[in-house]
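Chemist: got a structure for you, letters missing:
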């Protein structure tokens, strides 16, 4: 196109020269689509924690983070003050016990990431920049999954560090605990990915934040309630066991049991008696269907 | 290579609505006015150029890049100001424009520097550190222009940039658009349904109606003198016309106005003499120009030679 020279003019005055730089073009690098996707990912990750937003936007994510980490802190404190006392939490049951907080986190923050872009029509600006619609969807999915992963990982790391530092022989304890590291990292991933996908698949379909949050909570809580009621009513029959699969968190628990760590006695997963790969398959189905729904939605959304 | 090229570009929404109807045109760099009534297909055309909408048939290219296949590459060099609101309320102007600069592929430092520059250019100072939700319409419109400029685009697409602004806000926005196009040399397409605005800032005009190209020409050719005198008198237009014809001029009556063919200066004196002789009260004597409004006169049908039609009537 037409080259432009920066219009630089100077005006002399008693105190010196005033430089009128005028408009300057930009001849530096243009990093294109990969940079745009990375920018969107990081900006969305920050938004999930309310960073660069008002104080009000920080209450929910940081409040939930505190609630999620607090029991791990208590657990470590108990171990420090009363060595030998039974630990209230283990790697196996920590996320199982606190997954409802993770569900509330994705329910609150998935709409933060996608609903307002639709409501305020920022989406047409994103789509008129150097990325594709699918890039937008995947960047948002990745950011929410990463945020949920961070929320779940933090307490697991607190448990891990606590157990290492409180041992009599820190070096030996670190070696011993390293065996648990795969679980410390994998279990949060197993929880974060389907929860983020499912909640984003719901949030992408409405520009209203409140509706989206309500719908996501409903899926997790109503799903759990239906599973619980049917499980009690039909009890122990094969139908009662199958009804447990309606509860979206049960396949997540089951997949964790399948891939890392030990099973939790008397949990819905162990009561069904299903082989654990069944839960793994449902986990995969949730991720694939949810991810496809998000991509489909953004392909046909008018900009 | 033209800046914008459209070949038999067609966009239909459903079976009944045709937004663009086999549109073929070439656009060279400059400040181009895209004018048409609401629903004429202006926004659809811009969105197709951005790759936001897929054409039903036909093809278009921007800077030699195909809009359906090379959207991201095109959008890296294009700034877009949508006609509707598009700003998140809970972010500051600085953060938002920087973010959009990085979305266009600018490195972080460059995005920050250019944000400061374009916000100053559009006239946003202290307010830039406050959330956009508290801005007036005029300030929001400036932020929209700033985000379209932050990555130093080669082409600016502005969809109704004066939407919702008061008269002084309109003037300022039009000045900004004109300065951006002339001083910075950024090729600009301004879509508007207000012909007066287009006339003020643009050098070239594309008129579309019902998705068809009505006319494409430099703005000067739309507003040049027609060589017609309009003589408005209180009454006695018929008598005046007869008297002028008797003096060897071509004249015809249109209401209270007599239209006189004036290829040179001679008719002015003759008109003065005729009015004096008949003792008429002269209300107005004007040199007629083609007005952009003439394009849309009549039944709104696509008339490629609309200007000629007006000429015949004169």
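Modeler: Everything's here; your move. The model shown is predicted, which means the values in this text are computed figures rather than measured ones.
Chemist: what's the burial count for whatever residue of the stretch 101-250 of chain B ends up closest to chain A?
Modeler: Closest residue of the stretch 101-250 of chain B to chain A, C-beta to the nearest C-beta: residue B:152 (3.7 Å). Using the backbone N, CA and C atoms, a C-beta is placed for each residue, glycine as well. Neighbour count for residue B:152, taken as other C-beta atoms under 10 Å in any protein chain shown: 24.
Chemist: State the helix or strand in which the nearest residue in space to it that is not next to it in sequence lies.
Modeler: Spatial nearest neighbour of residue B:152, chain neighbours left out: residue A:26 (3.7 Å); criterion: C-beta to C-beta, 6 or more residues apart in numbering or on different chains. For residue A:26, there is no host helix or strand (DSSP states H and E).
Chemist: quick one: contacts for residue A:26?
Modeler: Residues near residue A:26 by C-beta atoms under 8 Å, 6 or more residues apart in numbering or on different chains: B:106, B:110, B:114, B:151, B:152.
Chemist: elements contacting the helix or strand harbouring residue A:134?
Modeler: Using DSSP H and E, residue A:134 sits within helix A:133-166. For helix A:133-166, the elements it packs on are helix A:32-48, helix A:56-81, helix A:91-119, helix A:123-127, helix A:170-178, helix A:181-203, helix A:276-300, judged by 3 or more C-beta pairs under 8 Å, 6 or more residues apart in numbering or on different chains; DSSP states H and E.
Chemist: orientation of the last one relative to helix A:91-119 in degrees?
Modeler: Angular relation of helix A:276-300 and helix A:91-119 on a 0 to 180 degree scale: 10 degrees, by axes from the mean of the first three to the mean of the last three C-alpha atoms, to 10 degrees.
Chemist: how about the closest residue to residue B:108 other than its chain neighbours, phi and psi?
Modeler: Spatial nearest neighbour of residue B:108, excluding adjacent residues (C-beta to C-beta, 6+ apart): residue B:102 at 6.4 Å. The phi/psi pair for residue B:102 (degrees, to the nearest 10) reads phi -70, psi -30.
Chemist: follow-up on the earlier one: what spatial separation is found between the residue nearest to residue B:152 and residue B:260?
Modeler: From residue A:26 across to residue B:260, the span is 56 Å (C-beta to C-beta, to the nearest Å).
Chemist: Residue A:193 too?
Modeler: Using C-beta to C-beta, residue A:193 is found at 81 Å from residue B:260.
Chemist: quick one: contacts for residue B:11?
Modeler: For residue B:11, the contact set (C-beta under 8 Å, 6+ apart) comprises B:18, B:19, B:20, B:41, B:44, B:48, B:53, B:55, B:56, B:211.
Chemist: didn't the second one look like it was pressed against residue B:9?
Modeler: The reference is to residue B:19. No - assessed by C-beta atoms under 8 Å, residue B:19 is found out of contact with residue B:9, at 10.1 Å.
Chemist: ok, the two, which is more surrounded?
Modeler: Taking neighbours as other C-beta under 10 Å, residue B:19 and residue B:9 compare with residue B:9 leading, 26 against 23.
Chemist: Mind listing the strands the one helix or strand that one maps to pairs with, and their directions?
Modeler: Using DSSP H and E, residue B:9 falls within strand B:4-13. Its sheet considered, strand B:4-13 pairs with strand B:17-27 (antiparallel), strand B:57-62 (antiparallel) by DSSP bridges.
Chemist: export those strands to a markdown table and tack on mean pLDDT?
Modeler: Converted to a markdown table, the strands paired with strand B:4-13 look like this (pLDDT from 0 to 100):
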| stretch | mean pLDDT |
| --- | --- |
| strand B:17-27 | 90 |
| strand B:57-62 | 94 |
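Chemist: Are we agreed that residue B:213 is in a strand?
Modeler: Yes - assessed by DSSP: H, G, I helix; E, B strand; the rest coil, residue B:213 belongs to a strand.
Chemist: Just grab the bridge partners of it for me.
Modeler: Beta-bridge partners for residue B:213, by DSSP bridges, are residue B:208.
Chemist: Kindly tell me how buried it is, as a neighbour count.
Modeler: 21.
Chemist: any idea how far residue B:42 is from it?
Modeler: Residue B:213 sits 12 Å away from residue B:42, going by C-beta to C-beta.
Chemist: what ranges do the strands span in the stretch 201-314 of chain B?
Modeler: Remark: strands assigned in the stretch 201-314 of chain B by DSSP state E, counting those that start in this stretch are B:204-209, B:212-218, B:225-233, B:251-254, B:257-261, B:282-289.
Chemist: Just name the most buried of these.
Modeler: Compared across the strands of the stretch 201-314 of chain B, strand B:204-209 shows the largest average neighbour count, a mean of 23 (mean count of other C-beta atoms under 10 Å in any protein chain shown).
Chemist: Next, the angle strand B:17-27 makes with that strand.
Modeler: When the same axes, to 10 degrees is applied, the directions of strand B:204-209 and strand B:17-27 differ by 160 degrees.
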